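> Everything below, folded, please.
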Amino acid sequence: MIDTQNQPDFRKIPIDKVGIKGLKYPVKVMDKTKGIQSTVAQIGMYVDLPHQCKGTHMSRFVEILHSSRTQVSLESLTTILGDMKKILGAESSHIEITFPYFIEKVSPRIGAKGLMDYTCSIFGSSDANNNTDIVLKVAVPVTSVCPCSKEISEYGAHNQRGEVLVNTRFKKLIWIENIVDIVEKSASCDIFSVLKREDEKFVTEKAYNNPKFVEDIARDVAKALMEDENITWFSVSAENFESIHNHSAYAYIESGTTPE
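This is a model prediction of the structure:
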């Protein structure tokens, strides 16, 4: 049969990334407590395409992923990226893996157990010199109470849900749980999936007694990340979905060295 993808193209326009996107696939990720956690990821896989090539072989991306046994680790991602370049004849390769990660949390007073889900992503790339770059992204929901509102009000203070996004580059394995812990300790209060009345009283009062601007949350997370020698680069963004405004409050900090 004719291999149409291998036919020449005469427009002389290279493509930076071509491949598959939105593939749902079961994966296994490192779990600090249980060792391994099974989840379902949405995956994108891409390579560069020279100007003289008409197309790439899309089915080979899935074959490469399947052969890896879907174990997500620094070693497996490096292997997958290398296989993509070798099998597809590319100079660069990229992979994006986004998945829900579950952590069991216990309510602060009653001790009720429930699973909290955190959206995580891993971005990997390999260039023509086989330099591999891996970035871990973790999204953590939080509660914040406005210090200004508390200061000027006779009683009460406006509070809101927020989300903190942390991207990190690192030397060796970094636990998702550690990132989550840093963020939740930096907020007015963390969020739980199960709360009884005694628990609700506790978290409401804890947040009220620990007011944080969005700037405070971003700075406190950044400070903790700067103290971790394993982290070579990070970005942290904090967004509060304001309860008394029709807009969000936002802060962003980036620090460290990025690959050249």
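> helix or strand for the residue nearest to R169 when sequence neighbours are not counted, which one?
Distance criterion Cβ to Cβ, 6 or more residues apart in numbering; nearest residue to R169, sequence neighbours excluded, is W233 at 4.2 Å. Every residue, glycine included, has its C-beta placed from N, CA and C. Element membership for W233 (DSSP states H and E) is strand 231-241.
> repeat for A139
Counting by DSSP H and E, A139 is found in strand 132-145.
> Show residues contacting the lengthiest helix in the chain.
Longest helix of the chain, by residue count under DSSP state H: helix 74-88. With contacts defined as Cβ atoms under 8 Å, 6 or more residues apart in numbering, helix 74-88 is touched by 45, 47, 56-57, 60-61, 64-65, 67-69, 90-95, 122, 124-126, 130, 132, 134, 172-173.
> Can I get the buried ones among the residues you listed as something I can paste into PyMOL?
A single PyMOL command selects the buried members of these (16 or more other Cβ atoms under 10 Å):
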select buried, resi 45+47+56+60+61+64+65+90+92+93+94+95+122+124+125+126+132+134
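> Next step: the contacts of helix 74-88 restricted to strands.
M45, V47, S93, H94, I95, I122, G124, S125, S126, T132, I134 (DSSP state E).
> Please report the distance of the second one from S235.
Using Cβ to Cβ, to the nearest Å, one obtains 26 Å as the distance from V47 to S235.
> show me where the stretch 101-250 of the chain has strands.
With strands called from DSSP state E, counting those that start in this stretch, the stretch 101-250 of the chain shows them at 113-126, 132-145, 159-170, 189-190, 231-241, 248-256.
> now these in TSV, with distance to E200?
Below are these laid out as TSV (distance: least, Cβ to Cβ, whole Å):
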stretch	distance to E200
strand 113-126	14
strand 132-145	12
strand 159-170	13
strand 189-190	11
strand 231-241	20
strand 248-256	24
